[in-house]
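A.B. asks: what's the 3D shape of this:
(one chain, ligands or ions: 3)
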Amino acid sequence: MDEIKLGMVGLGTVGSGVLAMVQKHAAKISAVTGRQLVVKTVVVKNPQKHQQVADLVHLTTELDDLLNDSEIKIVIEVMGGIHPAKEIIEQMLRAHKHVVSANKDLIATAGQELIALAKQNHCDLMYEASVAGGIPILRTIADSFAADQITEVKGIVNGTTNYILTQMSQSNRSYEDALKQAQKLGFAEADPTNDVQGRDAGYKMAILSRFAFGTNVAVDQFKVTGIDQVDQVDVQQAAAFGYTLKLVGIARLVDQRVFVEVAPALVNIHHPLAQVNNENNAVMVTGRAVGDTLFYGPGAGGLPTANSVLSDITTVTKNMILKTNGNSFNGYSHPLPFADATMVKDCYYLSLTLPDQPGEMQKLTTVMAELNASFSQIVQKASDQGEARVMIITHQMSKAQLNQLELALQDLGTIQLHCAYRVIN
Ligand SMILES: NC(=O)C1=CN([C@@H]2O[C@H](COP(=O)(O)OP(=O)(O)OC[C@H]3O[C@@H](n4cnc5c(N)ncnc54)[C@H](OP(=O)(O)O)[C@@H]3O)[C@@H](O)[C@H]2O)C=CC1
Ligand SMILES: N[C@@H](CC=O)C(=O)O
Ligand code: NA
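C.D. replies: Ligands and ions are numbered 1, 2, ... in the order given. Modelled structure (predicted):
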């Protein structure tokens, strides 16, 4: 059987998973593709860390060992980060090598440039692993939703934060302890700041928006809020109201405009997203024709993510056999403007403190009434410092009303709004 030689940059959590899968699933891969896949060369930073595979692959720090090897047709980039990963992929594409990447930071930031370069060089550039780890979501949207009009994509797309929130709410673990464990298990990025501050989920929502709506959205163009400021009081109150707190990404079509956001949200315990725990992810795709669909699975981890990398590699291999390389992974382009804050409506959970004195609650209700906003549930708890904590679930209100409410409360001075989380019923 003909061989296809692969090169790889990076041999950490995902790279090790890829190497293991190519070896353990060799027979299945050959049966599906008609080719035998062989990982020939792996570029790493510290070869001494990887001596256990030195007999299996050519382990090197030299990128030229990939670039100048004409036998290597497909390069897997699993080193992460934007630089020098971008320059490495550019070099590989210019050398007419197909590229498979798991790098959402890079694809969300410089994807359009790289896609154009791949096309110019008749190469494939695939990145299924970049969104929701092991869940086959990008190819599903590109292929299986090709004819439907997607109206919303929402989901839990970061394994680390979902792991932390699950451990905090179900095992009473501290935030710091749960984060350490997520790092140990290989879910978190090398620097977990992007995970906990929501940027990793933001990158994934930017990529999902391109696939779902055909529109180019950059992570700096929409609001991203992480879980690093989440208060245990709100996790507990969410549960008391019948909700669970999750970091949720939303990309929504509103009157032919697009709205994207990543933020903690209260998810009704009967909603399927509420059942998604630990490092698992789920993406709910709503289409005009099909209605709601849900894709669930591990969003992080070596082998699950490697499975997505391998699915890209088998696609590239089939394209090589059929001589159909060079087509964009996502063929849909339909530029759209952003939705106005008045158009985006949701229910919100508001958590506030106010002086525990007569008249303060009335001030709050007056401000809300003036903004034509109302609530469906409200709880007040006294604290020992003469303050009351008030937690509210509102009826539907627009983002513009919410922004006005925040400003009006700032003007009042005595009422502090700690958080305003979207409510998903
Ligand atoms: N971990 C996960 O669950 C998931 C990760 N991803 C993405 O996959 C990619 C890889 O993640 P992960 O495997 O966790 O990362 P790791 O930190 O575990 O591994 C990174 C690897 O890249 C190598 N490396 C770093 N810098 C260089 C360099 N300049 N030249 C050559 N090699 C380099 C490191 O080498 P050395 O070992 O020698 O130090 C290491 O082997 C990232 O883009 C990440 O966002 C996507 C989905 C899930
Ligand atoms: N750090 C990421 C890894 C997968 O993309 C996560 O926790 O989801
Ligand atoms: Na995926």
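
A.B. asks: just checking, Ala110 touches Gly81?
C.D. replies: No - using Cβ atoms under 8 Å as the test, Ala110 is too far from Gly81 to be in contact (11.8 Å). (C-beta placed from N, C-alpha, C; glycine too.)

A.B. asks: which one of the two has more residues nearby?
C.D. replies: The residue with more neighbours, out of Ala110 and Gly81, is Ala110; 18 against 14, by other Cβ atoms under 10 Å.

A.B. asks: can you tell me the element that one falls in?
C.D. replies: helix 104-120 (DSSP states H and E).

A.B. asks: residues in contact with that helix?
C.D. replies: The contact list for helix 104-120, computed with Cβ atoms under 8 Å, 6 or more residues apart in numbering, reads 80-82, 85-86, 89-90, 93-94, 99, 101, 124-125, 127, 130-131, 194, 200, 202-204, 206-207, 210, 216, 218-219, 326-329.

A.B. asks: 7 Å - rerun?
C.D. replies: 81-82, 85-86, 89-90, 93, 101, 124-125, 127, 130-131, 200, 203-204, 206-207, 216, 219, 326, 328 (Cβ atoms under 7 Å, 6 or more residues apart in numbering).

A.B. asks: look up the closest residue to the residue of the stretch 251-400 of the chain found nearest ligand 1, ignoring the ones flanking it.
C.D. replies: Closest to ligand 1 within the stretch 251-400 of the chain is Ala300: 3.3 Å, counting by Cβ to the nearest ligand atom. Closest residue to Ala300 apart from its sequence neighbours, by Cβ to Cβ, 6 or more residues apart in numbering: Gly159 at 3.2 Å.

A.B. asks: and for that neighbour, the neighbour number?
C.D. replies: 29.

A.B. asks: distance of it relative to Asn277?
C.D. replies: 11 Å (Cβ to Cβ, to the nearest Å).

A.B. asks: and if you look at Ser308?
C.D. replies: 21 Å.

A.B. asks: strands along the stretch 201-350 of the chain, start to end?
C.D. replies: In the stretch 201-350 of the chain, the strands defined using DSSP state E, counting those that start in this stretch lie at 223-224, 243-254, 257-268, 280-287, 291-298, 345-355.

A.B. asks: which one's more surrounded, Ser308 and Asn277?
C.D. replies: Neighbour count, other Cβ under 10 Å: between Ser308 and Asn277, Ser308 has more, with 29 against 16.

A.B. asks: just the closest residue of this structure to ligand 1, please.
C.D. replies: Using Cβ to the nearest ligand atom, Gly12 is the residue of the chain that sits closest to ligand 1, at 1.9 Å.

A.B. asks: before we move on, back to that, show me which of the contacts of helix 104-120 are buried.
C.D. replies: Buried members of these, scored by 16 or more other Cβ atoms under 10 Å, are 85-86, 89-90, 93, 101, 124-125, 127, 130-131, 200, 203-204, 206-207, 219.

A.B. asks: for Ala263, which non-adjacent residue is closest in space?
C.D. replies: Nearest residue to Ala263, sequence neighbours excluded (Cβ to Cβ, 6+ apart): Thr225, at 4.2 Å.

A.B. asks: hmm, Ala265 is touching Lys246, no?
C.D. replies: Yes - counting by Cβ atoms under 7 Å, Ala265 sits close enough to Lys246 to count as a contact (5.9 Å).

A.B. asks: circling back to that earlier point, which residues touch the residue nearest to Ala263?
C.D. replies: So Thr225 contacts Gly198, Val262, Ala263, Pro264 (Cβ under 7 Å, 6+ apart).

A.B. asks: what sits against Ser18?
C.D. replies: Heads up, residue 18 is Val, not Ser. Met8, Ile76, Val78, Ala306, Val309, Leu310.

A.B. asks: what's the closest of those residues to Asn172?
C.D. replies: Nearest to Asn172 among those is Ala306, at 32.7 Å by Cβ to Cβ.

A.B. asks: burial count for the closest one?
C.D. replies: Using other Cβ under 10 Å: Ala306 sits among 28 other residues.

A.B. asks: element containing the residue nearest to it when sequence neighbours are not counted, please.
C.D. replies: Setting aside the residues directly before and after it, Ala306 is nearest to Gly17 in space (Cβ to Cβ, 6+ apart), at 3.2 Å. According to DSSP H and E, Gly17 maps onto helix 13-24.

A.B. asks: and the helix or strand just after that helix, what other elements does it pack with?
C.D. replies: As assigned by DSSP H and E, the chain's next helix or strand after helix 13-24 is helix 26-33. Packing partners of helix 26-33 (3 or more Cβ pairs under 7 Å, 6 or more residues apart in numbering; DSSP states H and E): strand 36-43, helix 302-322.

A.B. asks: now for Gly359, how many residues are close by?
C.D. replies: So Gly359, with other Cβ under 10 Å, has 10 neighbours.

A.B. asks: the one 4 residues further on too?
C.D. replies: Lys363 is surrounded by 16 other residues when neighbours are defined as other Cβ under 10 Å.

A.B. asks: wait, isn't it in contact with Leu409?
C.D. replies: No - the pair formed by Lys363 and Leu409 falls short of the contact definition of Cβ under 7 Å, at 9.2 Å.
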